[in-house]
Structure formats: structure tokens, C-alpha cells
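K.L.:
What follows is a predicted structure for the sequence shown.
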Amino acid sequence: MPIIGKGYVQSELELEARAAERAGENAAPDDARPEAQAAQPVRGRRGKRIPNSVGIVFVHGIGSQRPEEFLLQWSEPVLRTIEVWKRTVPPGDLVLGDRSGPDSVVRAEMDFEGETIPMITIQVPGDRGAASEGGRIPQTWVATEAWWAAAIQPPTLQAMIDWCGRQGTVGRIVSAILRQNGNYSTDTDQRLGRLGLGLFVSTIVSVVLLGWAAMRGLASLIPIAAVKDAVTAQQLETFLTTWWGDARVLLSDPAQSANIRGRLIRAIRALRHHGCQRIVVVGHSGGTIVATMALSDPAFGNVTVDTFISHGEAVNLGLHIIGRMSPDQQAEEMPVAARLVAPQLRAGRWRDFWASHDPAPCGGLEVPGASPVPAEDKVYNRRSIGEDHGTYWDNDEEFVIPVLREIETAGRARSSSRFYPPATWRPSPDETWADRRRQRVYLLALWNRLAFVATIGSILVALAVGGGLIPVFAGALGTVWSWLPGHEQVEQVAGLVRQPPPGVRSAVDVIGHAGLWAVAILALVQVLLPIRDWGETWGRQPVMDGVVRALDAGIPAVLVFGLAISPILRLVEGLRGGAPLPLMASLVVLVVALFAIIQPGPVKGLADRYARFLNAHRTFKAPLFARCSWAPSSSSPSSTSSARSACGDGRLPTGPSGTMPV
């Protein structure tokens, strides 16, 4: 074989890709349907089709992934599940292929440098007991990846600060997450938008990022290398530019986006030239944006696939980002994102998996006019915003096995798979293995949530009340510290700074309180985003359903109790001092705010009735802010026109003679 780059051998797929490029396959064939392309003669190096073969292209998401990283990570659960399935089939029913060995891998070519197209060839035995003819015949799977992490120039930190802050990208995403996970309706979301939620989030993000940029600039002037490296560790900058910046490039940079799409097209053509009869594309996160744009790109009209599998998709995220932009603003800032609107994919079918708490998709696909219409599957990975996005391949029952069925049945009926037929693969007639997994994951998520909130609540109570085990632990820590060698020198240095200037002391105090309240806010987020789905998970077990509901409802009570300790103690002190009114007012505001956050439904109903009253009595003397903020977003034409006339132009309403109404 020819040698390229650093002395590594070109893979078979790399040679096929170059052969396809030399053959000039850019012109669309007479029939670009997947079944028609599978029947066309092979013009590659092999000169023939691989019998019963499926080519698989894995498309990774945003971030600095290494070559072959996701190919190995995603093929491992596939191979593991195949080996487990082989042990469930009676030995006499397995139909082995010509190249079958002790394990399922026939051939693998990877260089871990990104200079060639990797490949893993897998032999899947047939099952004589399968319900369909296709399930009884061995298959050959050729898996590769479309690695595009090195085909991108990340944006600058200044560009990302502007995109996340001033342009309101983060605000739109937070709004979408609230709608999906916070039990807020679209109408309520619109009201929050009128109250300035998006502007508030964008402003906070801008201030934080600008502060980080300023600190980073000051750190570059520090002559001490260790301090400079500690401040400029670039963890936040790496996330903004290398990870989150990839999303901006995909949606706003036409040249780089086209270059990335070309990586996927090249891998698909290599598999076709290699002799694969059917093609399956598996995309995750930002990789679903790449696949959606590539498979609907008119420039590659001759490239089709049989099945597109998306999981943790970011297409919704892209549509949320441009959803509230004007056409001119979208054309200026996000010109490439228009490719996600009503995409016409050259694919036989589209299967989408989204996890219950995954913040990237924020629910099922919302792509009106897409073709083919995606088949939606809601799965339960960890029931956690922080973990759901990256744990799809750990979910055997709801994701890995269905993906194997999709790969095997690409180009034919989905119900004819040899892998764990749903009609017979179940622990009991009334439930499936997926049901049992959901119950396990629910209990794990409930335990994690309860442990976190209870811990934070206990700390808040201990700090407010004082005493308890905190002084004991402090004394034990001091004893252990006295045993360490060299502690005297450290104490001498600490004695020099024990009395800092008043400004420094105040800054440290502010930072300490800010850190404490940040942790409290994290606990509050656990309350705002409850697990829910009680009946869906425990519907067949009424007793367990009641226990779980009580525990899930008790978690907010634990946090509210912890947060209320300090105001209650201050209220008691105020009552003793004879000035309770300010403290009582603060306590009432706290209780009302918590109720409005935890139970938005009743508050929304009151706001709707108040808005209807104001629309019916336009001369009623009421605060203009309330009239504008809570005007109904969807009502009758008369009420809508009344609301617009009252506050749509930003002017105070006036009477017939130009005076203020009373």
C-alpha cells in the first residue's frame, strides 16, 4: 500500500475515497434513491458488492475529539451487545459467516492521527429462528467515522462573548430549557420574555464573560509563571471557543460549514465504493447538524443513505437560536442556519432518540416540513441535565438495542430484526426490560437529588443556627493540621495576612457569601427541575408510585426549610426588638416567590384573569408595567388590539382631551 504522512499505511476506505474522487462521482446518477444506488455496479477497487453489507458512519458532536475516539467509544457497546446476543441464541441456530471468528471483528484499520479514514469490519451471524428471511442470513457491517474536529478554525473569545451575550444566544437556550424541563407553558415563556428573561440572562452572561476576559488580560501581565498559568488555565476559554464555538461555526460560517459537511460526504462515498449495499449515518449533538445539512445539500445530490439515526440532536438548538431573529438579522449573523429549516434529507428513514433531561434537544424534534418525517423515541438515560447528553450508549435497553435493529434492517422493514424481538424479549407479559430500566434510573435520580438537596439544606441550617457538628469538625481538622510537618511556617505566613485591609476583607466576605448562595441556587435548580413522570414509570405499582411521589414532593420542602431558617430567626429577633414589619415583609415576599416558582400554574391563571380585567376596563387606574407585561399573547382580536393600543407603542394612554384617564 502507498505510504502517506508520518509513515502510516492508508486504510482500505481511504483508498476507496480517493478512487471515488478520481472517478469524478460528483454528477448525480439517473436514480439517486438508496435502493437504486445499492443495485448499481461497483466502480471501486473491489469491483463487487459485499453481500448483505451495511456501511455505518458515526458523526461526532462539537468539541476537540481525537481521531477514532468516537469510533471506538460507539462501536464498543455495539460489539458488546452483539456478543451478549450471540450467547442468547441456541448454538445450533447461529449461522456464521465465511470470515467469522471467535469474536465479531474481522478487520480494523486505524492510525489515531486523522490522516486516513478508519474502518472496523464486523461479522454479524444469522439466526435460523429469526422471523424474517433477512434475519437468518449473516451480515457484514463496515463502521467508520466522519471526523471533523480538525477541520475547523475556532472563533475568537471576543466573538463568542458577543454571540452568547449581546446577540442573546444563551438567553434563547435557557428559555427553551425552561419550557421543556421546568413545566412551563409556551404562553408563560412568552410572558417571561416580556418581563425581560432573555435580556436578563444575556446581560448576566455578558458581564461574566467580559469579567473573565478582563481577568485573563490582567493575568498575562503577571510575571509569576505559576500564577499566570493558574489564572489562564483556559478551561472556560476552551469551552467557549473549541466546544461551544463549534456550534457558532456550523451555523454562521458558510466556508467552514461546507468543509465540515464534505467530511461526511467523503466517508459515505468511500463506503459505497468499498461495496456496502446499504448506508446508515449515526449522528450525535452537533453531528446531527452536520448530517442534516449534508444530506439535504443540493451540491451532493448523488449521495443518499438508507437510515439516519440522530441522538441528543442539536437541530432544535439551532432552530431555537434563530427562532426569534428577524430575516435580516438571521442573514447577517446565522446565514448557514437556514439549511435546518424544513430539510429534505436524502434518506430512507429518520429515527431520532432524545433523553428526558437532555438540554441539547430540549424535547422531541421540532422540524416542520422535514422529509422523511423523523420517528421519535423518548429515552431515560440518567434523568439528569448534566449527564443525559453523554450517556446514550450506556442505555442498552432503550438505545443500543434499537440502534442495532435499525442498522440491521436498513432498507427493509424495521420489525424484522434478529436482535431481541420486542414481542418476546420481556421479563413478564405486562412489562418490558425498558420499563425496569426506567424504574432503576428513577430511583437513582431521586436518591441523587435527595442527597444533594438534603446536604445543602443541612449546611444552611447549621450555618444559620450555629453549633452542631461544625465546631467539632473544625477542631478535628485543627488537630490533624498540627500533626503535619511545616505547619508552623505556614501559620507564620498566615499571621502576616491575618489582618488584611478593610477593602480586601470586604471582598473576601462578598466572595464567600456569593459562593454559598451559588450552591443554594444549584439546590434550588434541583427543585425547579423535578423528576416528574410518576405515572409513566410506576403506573403498574400503586404503592411504589405513592412512595415516590411523597419523596419527590418532600425534596422541595427540605430545601425550603433550609432556606427559611435564617429569615425565621431574623424575624424572631426582630419581634423581640419591636421592629418586625420589614422582616415580615421580606418573609412574605420569599414565600410568594417560592410558590410562584414551584407552582407557576395558579400564578399564570391569576395573571390571565388580571389581564382580561385590564383589557375590559382600559381606563382602570393600574400600573402600566403590569398591563404591558401580562397582556395575553393569544386571545381574541378585540382584546389583542386593546392591549396593543394600551401599551404596544410604549406611550401612556390618554383620554379624549389628551389628559390621563382616571
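P.N.:
That came in fine, so what should we check first?
K.L.:
which outside residues touch stretch 417-437?
P.N.:
Residues from elsewhere that reach stretch 417-437 (Cβ atoms under 8 Å, 6 or more residues apart in numbering): 81, 85, 88, 126-127, 130-132, 135-136, 380, 395-398, 401, 404-405, 408-409, 537, 540. No exception for glycine: its C-beta is placed from N, CA and C like everyone else's.
K.L.:
burial of residue 67, as a residue count?
P.N.:
The criterion is other Cβ atoms under 10 Å. On that basis, residue 67 has 18 neighbouring residues.
K.L.:
scratch that, residue 378
P.N.:
Taking other Cβ under 10 Å as the criterion, the count of residues near residue 378 is 15.
K.L.:
Would you agree it is in contact with residue 365?
P.N.:
No. Under the criterion of Cβ atoms under 8 Å, residue 378 lies out of contact with residue 365, with a separation of 11.3 Å.
K.L.:
Now list whatever residues contact both of those two.
P.N.:
Where contact means Cβ under 8 Å, 6+ apart, the residues bridging residue 378 and residue 365 through contact with each are residue 354.
K.L.:
Name the nearest residue to residue 355, ignoring sequence neighbours.
P.N.:
residue 388 (4.0 Å; Cβ to Cβ, 6 or more residues apart in numbering).
K.L.:
Let me know the distance separating the one you found from residue 156.
P.N.:
With the distance defined as Cβ to Cβ, to the nearest Å, residue 388 ends up 31 Å from residue 156.
K.L.:
So which of the two has more stuff around it?
P.N.:
Taking residue 388 and residue 156 together and counting by other Cβ under 10 Å, residue 388 has the greater number of neighbours (24 against 12).
K.L.:
For that one, give me its contacts.
P.N.:
312, 355, 356, 357, 358, 359, 381, 382.
K.L.:
show me where pLDDT drops low in the stretch 251-400 of the chain?
P.N.:
Screening the stretch 251-400 of the chain residue by residue with the criterion pLDDT under 70, one finds the ranges 324.
K.L.:
Recalculate using a threshold of 80.
P.N.:
Flagging of the stretch 251-400 of the chain using pLDDT under 80 yields the residue ranges 320-326, 329-333, 362, 385-386.
K.L.:
Touching, residue 93 and residue 127? I think so.
P.N.:
Yes. In this structure, residue 93 is within contact of residue 127 by Cβ under 8 Å, at 5.6 Å.
K.L.:
Tell me which of the two has more neighbours.
P.N.:
When residue 93 is set against residue 127 and neighbours are counted by other Cβ under 10 Å, the residue ahead is residue 127, at 24 against 13.
K.L.:
ok, that one to residue 136 distance?
P.N.:
If you measure residue 127 against residue 136 using Cβ to Cβ, the figure is 6 Å.
K.L.:
tell me what the lengthiest strand in the chain is packed against?
P.N.:
When every strand of the chain is counted residue by residue (DSSP state E), the longest turns out to be strand 347-355. Other helices and strands packing on strand 347-355, by 3 or more Cβ pairs under 8 Å, 6 or more residues apart in numbering; DSSP states H and E, are helix 34-39, strand 305-311, strand 375-379, helix 401-408.
K.L.:
make it 7 Å
P.N.:
In this structure, strand 347-355 packs against strand 305-311, strand 375-379, with contacts taken as 3 or more Cβ pairs under 7 Å, 6 or more residues apart in numbering; DSSP states H and E.
K.L.:
Could you list the buried residues of the last one?
P.N.:
Using 16 or more other Cβ atoms under 10 Å as the test for burial, strand 375-379 gives residue 379.
K.L.:
which stretch of helix or strand covers residue 141?
P.N.:
Under the criterion DSSP states H and E, the helix or strand holding residue 141 is strand 139-145.
K.L.:
Can you name the next helix or strand after that strand?
P.N.:
Per DSSP H and E, strand 139-145 leads on to helix 157-161 as the next helix or strand towards the C-terminus.
K.L.:
quick one: buried residues of that following helix?
P.N.:
Going through helix 157-161 with 16+ other Cβ under 10 Å, the ones that come out buried are 157, 160, 161.
K.L.:
just curious, which of these is nearest to residue 297?
P.N.:
Using Cβ to Cβ, residue 160 comes nearest to residue 297 of these, at 26.4 Å.
K.L.:
Could you check the pLDDT of that closest one?
P.N.:
On pLDDT, residue 160 comes in at 74.
K.L.:
Next: residue 193.
P.N.:
On pLDDT, residue 193 comes in at 46.
K.L.:
ok, residue 151 - contacts?
P.N.:
When contacts are counted by Cβ atoms under 7 Å, 6 or more residues apart in numbering, residue 151 is found next to 259, 260, 263.
K.L.:
contact partners of the strand holding residue 141?
P.N.:
Contacting residues not belonging to strand 139-145 are listed as 13, 50, 52-58, 60, 68, 70-71, 75, 97, 117-124, 267, 271, 274, 276, 407-408 [Cβ under 7 Å, 6+ apart].
K.L.:
Buried ones from those residues, can you make that a ChimeraX selection?
P.N.:
Selecting just the buried residues from the contacts of strand 139-145 in ChimeraX takes one command, with 16+ other Cβ under 10 Å as the test:
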select :13,50,52,53,54,55,56,57,58,60,68,70,71,75,97,117,118,119,120,121,122,123,124,267,271,274,276,407,408
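K.L.:
Select from the contacts of strand 139-145 every entry located in helices.
P.N.:
The subset of the contacts of strand 139-145 located in helices under the criterion DSSP state H comprises 13, 70, 71, 75, 267, 271, 274, 407, 408.
K.L.:
Would you mind putting these into JSON lines with distance to residue 329 alongside?
P.N.:
Listed next are the ones in helices among the contacts of strand 139-145 as JSON lines, based on distance: Cβ to Cβ, whole Å:
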{"residue": "13", "distance to residue 329": "42"}
{"residue": "70", "distance to residue 329": "34"}
{"residue": "71", "distance to residue 329": "38"}
{"residue": "75", "distance to residue 329": "42"}
{"residue": "267", "distance to residue 329": "34"}
{"residue": "271", "distance to residue 329": "39"}
{"residue": "274", "distance to residue 329": "44"}
{"residue": "407", "distance to residue 329": "41"}
{"residue": "408", "distance to residue 329": "45"}
